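Engineer: kindly return the folded structure for what I paste below:
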Amino acid sequence: MLEDCKNAQERWGGVHGLIDRWLEQRRTLLASFIELKEACDTELEAVSKERIDTFSQMLMDYISAGHFEIYPQLAEEAKAFDDESALHIASRLLERLEMSTQMVLEFDQDYESPVRCQQHLVRLPAWIDRLAKGLTERFALEDQLIARLHAANTPS
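Structural biologist: The predicted structure is shown next:
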C-alpha cells in the first residue's frame, strides 16, 4: 500500500508543477490583458499591432496549454483513480470551455494581419470587454476542473 501511494505521488506529483506553471502563465496573461485594456482606454489609436500580437500570442499559448497539456493530464489522473463522476463532470466543463476557445480564435483572426488589425482597431475595446467576460468564465471553469479532477484525486 505504501508503494502504491509512492507510485501515485511520483506519477501525479508532477501535475502540481504543471498546474502551477499554467496558473503562473494565467497571471502573466492577465497582466498583459490589463495593460492592453488600459492602452485602449487611454489612447486607442496608439495601440500597436505588436502589442495586440503579444497579448494574442500569450492568449493562444495559454489556451493551447490547457487543451493539449493540462486537460489531458487531469483526465488521465481521473482515469487512473477510476473517478468516473469526475470524468463526466470534466466532459461537461470542457464543452463549456469550447465556447471561450472559439472566441479566442475569432479574436486572433480579427487581428492577425496589419490590414485586419487596422480595420478592426475601433472594435478592440468591445473585444476587450467580451474577452473579459469570456476569460472570467473560463478561469472559473478551469478552476472547477482542477478542483474536481486533480485535488479530489491527490493522495494525502
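
Engineer: those helices in the protein, which residues are they?
Structural biologist: Using DSSP state H, the helices of the chain run over 2-43, 49-65, 71-80, 84-110, 114-120, 124-145.

Engineer: so can I have JSON lines of those showing mean pLDDT and mean neighbour count?
Structural biologist: Just so you know, the C-beta spots here come from the backbone N, C-alpha and C atoms, and that holds for glycine as well. What follows is these, written out as JSON lines (pLDDT from 0 to 100; neighbours: other CB atoms under 10 Å):
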{"stretch": "helix 2-43", "mean pLDDT": "76", "mean neighbour count": "13"}
{"stretch": "helix 49-65", "mean pLDDT": "96", "mean neighbour count": "17"}
{"stretch": "helix 71-80", "mean pLDDT": "87", "mean neighbour count": "17"}
{"stretch": "helix 84-110", "mean pLDDT": "91", "mean neighbour count": "15"}
{"stretch": "helix 114-120", "mean pLDDT": "95", "mean neighbour count": "13"}
{"stretch": "helix 124-145", "mean pLDDT": "94", "mean neighbour count": "16"}
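
Engineer: show me what contacts Gln73?
Structural biologist: Contact analysis of Gln73 by CB atoms under 8 Å, 6 or more residues apart in numbering lists 15, 18.

Engineer: ok, now how distant is it from Leu149?
Structural biologist: The spacing between Gln73 and Leu149, counted by CB to CB, to the nearest Å, is 9 Å.

Engineer: and Ala78, by the same measure?
Structural biologist: Distance, Ala78 to Leu149, using CB to CB: 5 Å.

Engineer: residues that sit against both of those two, list them.
Structural biologist: With CB under 8 Å, 6+ apart as the test, Ala78 and Leu149 both reach 86-87, 90.

Engineer: adding distance to Gln109, write these out as a markdown table.
Structural biologist: Output for the shared contacts of Ala78 and Leu149, formatted as a markdown table (distance: CB to CB, whole Å):
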| residue | distance to Gln109 |
| --- | --- |
| Ala86 | 34 |
| Leu87 | 32 |
| Ala90 | 28 |
